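K.L.:
my questions concern the predicted model and sequence given below.
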Amino acid sequence: MENKQLLELSTKLTQKQRLEQRQLMLMTLLNTSIEEMEDLINSEVESNPALEIESETEPDSESEDFSPVEDKSEDEDFPQDLSAEEAEQLRDSVRDEDNYDSNVDDWDDYVYANSSPDDKEFERQIAAYNSFRDNVFRQIGEMKLSDEDRMLAEYIVDSLPERGYFDSEDAATKECNSISNQFLFREGIRIPQEKVKQILVDVIQKLEPAGLGARSLQECLLLQLDALAQPKNRETISLAKKIIANHFENFSKKKYSIILKKEKISQEEFDAAVAIITRLNPSPAVGTESNRYVTPDFVVTHEDGEIKVSMNTPTFPRLRVNRDYEKMLEKMRRSRDKETLAFLRKNIERAKLFMDVLPQRNITMCAVMNEIVLQQKDYFLTGNRSLLKPMVLKNIAEKLQMAESTVSRVTSKRYAVTPFGTISLKELFSEAVNGDTNSAAAIRQVLKEIIDNEDKSSPYTDEKLVNVLKEKGYEISRRTVAKYRESMKIFPAHMRKEK
């Protein structure tokens with residue numbers, strides 16, 4: 001009886017591990033942009049000998065038994081053109097906890113193919129603001145990390161202050177503990193706090209700009225000094241490190257004579273080291289923002305009074321499990337070499353899991369976008385931002401019965417082409433103001449229109465703007481008006497005045 005209970009416990013743990021692997025892989029794919037998808041697929045093929053790209057020259061007869069997808073453009077796994085009303089039908093098919101057969105031996109052999117009809121393919125690029133986090137996310141995407149480590153790294157980057165590092169060791173420890181808890185609650189995966197700290201040091205602190213992820217200003221400066229590669233100034237850089245590492249407090253208080261005495265160095269040597277230190281950046285993340293070109297993930301159109309949503313899905317390589325690898329597994333089934341057998345099974349399992357999750361990425365993204373269109377139908381029909389309704393991640397997540405973190409990944413850094421221009425999905429989310437009737441985004445739009453149409457010889461003060469908004473049915477405080485105005489980079493009244 002005791003042995004039976006142990007056996008049942010072992011089985012449950014194995015299933016949980018594979019479910020986590022599926023979750024992690026899906027989250028990674030949802031975080032991956034269109035531009036990065038092909039690189040990610042190629043990277044997966046290179047790292048897994050059981051996965052291969054199917055050659056276009058191979059006879060169809062060889063692959064007939066391997067593909068459940070007869071017509072990629074019409075297959076339900078690849079929704080390309082749906083009305084907003086039809087999105088209701090997707091809700092039942094999208095869940096974070098899918099029914100999932102974790103026994104690799106029971107799976108059928110198949111290929112994964114992702115393509116879109118020629119008339120639906122849309123690859124026009126647009127310029128988009130690129131924050132320091134976007135730059136760091138791109139670096140993380142280029143690193144060879146496990147799905148779990150990649151997600152942890154992204155969580156850490158999201159938690160960094162705007163300057164790019166933490167105030168102190170205590171602040172970093174507190175944040176690492178918070179990330180550990182978030183990972184458990186949002187992803188259902190338990191990660192020790194020490195593992196989070198390890199990713200902070202071994203991954204984040206190795207990225208650019210130098211000093212990123214430091215746990216104090218002192219460590220931030222040391223990381224920047226470590227990144228300097230100037231052979232001619234090697235000794236001076238070494239002295240600068242000593243000053244920051246061993247005499248940071250005295251250096252900060254300008255007690256230079258104490259440093260000179262303890263290090264037994266000349267004034268000239270000290271001045272040379274200080275010249276290097278003063279060129280370091282105390283806020284490494286500030287000023288790294290830029291503009292980049294992005295490819296929209298969705299195309300929204302109007303047809304006969306209905307809203308149509310299409311996914312911009314470029315043609316990716318067709319994938320399949322390597323047949324020789326499968327034959328090798330068959331031969332090894334009766335072998336006593338358990339280690340080799342486990343290795344083969346693991347690679348084949350990951351290959352099939354990867355091909356299984358790829359279409360799930362499209363299903364999830366399409367379902368989220370269609371739900372957004374359903375909730376913001378008036379806006380998508382007119383393009384009038386004042387018609388935006390209050391909408392937060394939770395509203396979408398509850399309708400689709402998925403985690404908020406999943407919705408966040410689908411909408412973060414994603415764009416849609418509409419009849420009235422290209423929009424960032426992030427711009428469609430805002431909290432309710434004045435109860436549940438108005439969204440912050442809608443009020444910002446009304447505020448912008450009021451200021452655009454004001455008499456520039458006598459522009460409205462923030463106090464006057466409060467009254468004008470009240471007349472239009474929007475009751476907000478002067479402080480909120482100032483906050484919204486500043487967020488739109490609109491100057492105060494005295495700076496908008498024109499003669």
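P.N.:
On my side now, so go ahead. Residues are numbered from 1 along each chain as shown.

K.L.:
for stretch 298-309, give the mean pLDDT please.
P.N.:
The predicted model gives stretch 298-309 an average pLDDT of 86.

K.L.:
kindly report the same for stretch 454-471.
P.N.:
87.

K.L.:
chain neighbours aside, what residue packs nearest to F420?
P.N.:
G383 (3.1 Å; C-beta to C-beta, 6 or more residues apart in numbering). All C-beta atoms are positioned from the backbone trio N, CA, C, and that covers glycine.

K.L.:
pull the contacting residues for that neighbour.
P.N.:
T418, P419, F420, G421 (C-beta atoms under 8 Å, 6 or more residues apart in numbering).

K.L.:
10 Å - rerun?
P.N.:
T418, P419, F420, G421, I423 (C-beta atoms under 10 Å, 6 or more residues apart in numbering).

K.L.:
closest one to A227 out of those, please.
P.N.:
Taking C-beta to C-beta as the measure, A227 lies nearest I423 of the contacts of G383, at 38.0 Å.

K.L.:
show the backbone phi and psi for that closest one.
P.N.:
According to degrees, to the nearest 10, the main-chain angles of I423 amount to phi -120, psi 150.

K.L.:
okay, now R496: neighbour count?
P.N.:
A count of neighbours around R496, defined by other C-beta atoms under 10 Å, yields 14.

K.L.:
ok, what's across the strand from the residue lying closest to K389 once chain neighbours are set aside?
P.N.:
In space, and not counting its chain neighbours, K389 is closest to S439: 5.7 Å by C-beta to C-beta, 6+ apart. Judged by DSSP bridges, the bridge partners of S439 are A432.

K.L.:
just the buried subset of the contacts of G383, please.
P.N.:
Neighbour counting by 16 or more other C-beta atoms under 10 Å classes T418, I423 among the contacts of G383 as buried.

K.L.:
what is the nearest of the contacts of G383 to L344?
P.N.:
Nearest member of the contacts of G383 to L344, counting by C-beta to C-beta, is I423, at 47.3 Å.

K.L.:
show me the shaky parts of the stretch 201-350 of the chain.
P.N.:
Along the stretch 201-350 of the chain, the parts satisfying pLDDT under 70 run over 229-231, 287-294, 314, 335-336.

K.L.:
tell me how many other residues crowd the closest residue to I277 other than its chain neighbours.
P.N.:
Leaving aside its sequence neighbours, I277 sits nearest to A240 (C-beta to C-beta, 6+ apart; 5.2 Å). Using other C-beta under 10 Å, A240 is surrounded by 27 other residues.

K.L.:
looks like A240 contacts A272 (just checking).
P.N.:
Yes - A240 lies in contact with A272 (C-beta atoms under 10 Å); the separation is 8.6 Å.

K.L.:
give me the element the closest residue to M332 other than its chain neighbours is part of.
P.N.:
Closest residue in space to M332, ignoring its immediate chain neighbours: L341 at 4.9 Å, by C-beta to C-beta, 6+ apart. Per DSSP states H and E: L341 is located in helix 338-375.

K.L.:
what's the answer for V309, then?
P.N.:
With DSSP H and E as criterion, V309 is part of strand 306-311.

K.L.:
that strand to helix 338-375, inter-axis angle?
P.N.:
Computed by axes from the mean of the first three to the mean of the last three C-alpha atoms, to 10 degrees, the angle separating strand 306-311 from helix 338-375 equals 160 degrees.

K.L.:
who does strand 306-311 pair up with?
P.N.:
Here strand 306-311 has these sheet partners by DSSP bridges: strand 81-83 (antiparallel), strand 298-303 (antiparallel).

K.L.:
helices of the stretch 351-499 of the chain, start to end?
P.N.:
Ranges of helices within the stretch 351-499 of the chain are 377-382, 393-400, 404-411, 440-452, 462-471, 478-487, 493-496, based on DSSP state H, counting those that start in this stretch.

K.L.:
and if you look at the stretch 201-350 of the chain?
P.N.:
Using DSSP H, counting those that start in this stretch, helices in the stretch 201-350 of the chain cover 217-227, 234-246, 248-252, 256-263, 267-277, 323-332, 338-375.

K.L.:
got these as TSV, with distance to M37 columns?
P.N.:
Supplementary listing: the helices of the stretch 201-350 of the chain in TSV, determined by distance: least, C-beta to C-beta, whole Å:
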stretch	distance to M37
helix 217-227	31
helix 234-246	41
helix 248-252	45
helix 256-263	53
helix 267-277	42
helix 323-332	24
helix 338-375	9
